[in-house]
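> return atomic coordinates for the entry below.
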Amino acid sequence: MSEKTFADLTKEEFEELLKNMMEEHFHDLSPSEFFTALAAIDEEQPTEVIELTVSLKDGQLIFKEPAPLFVKGNEILLGDKRLVIKLAQEAA
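Okay, the predicted model is just below:
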């Protein structure tokens, strides 16, 4: 890959940079490619906002259903991941 700024990268080139960063070939990236990929990650802006509504029941956060994500009680299911949201106790 030639010396390019993030703005010059195609989607495929950007994805290839990220792929290389996650593989053992990471050391094959030039410093310029590494910092271009790092800057691209920093510039990423969310394209969608997802709002979830919760209530408090017996000291437990409960997501209101239906929700835009798969939720159950105090859990958010994302693919093969399960995020469990716990309410912290206030310090005395």
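> how deep is the spatially closest residue to residue 82 that is not a sequence neighbour tucked in, by neighbour count?
Spatial nearest neighbour of residue 82, chain neighbours left out: residue 75 (5.6 Å); criterion: C-beta to C-beta, 6 or more residues apart in numbering. All C-beta spots, glycine's among them, are computed from the backbone N, C-alpha and C. By other C-beta atoms under 10 Å, 14 other residues sit near residue 75.
> run through the residues that contact residue 75.
Going by C-beta atoms under 8 Å, 6 or more residues apart in numbering, residue 75 touches 63, 82-85.
> residue 75 and residue 88, how far apart?
17 Å (C-beta to C-beta, to the nearest Å).
> my bad, residue 12
Distance of residue 12 to residue 88, given as C-beta to C-beta: 43 Å.
> who has more neighbours out of the two?
Between residue 12 and residue 88, counting by other C-beta under 10 Å, residue 12 is the more crowded of the two (8 against 5).
> my read is that one is in a strand, agree?
No - counting by DSSP: H, G, I helix; E, B strand; the rest coil, residue 12 falls outside a strand, being helix.
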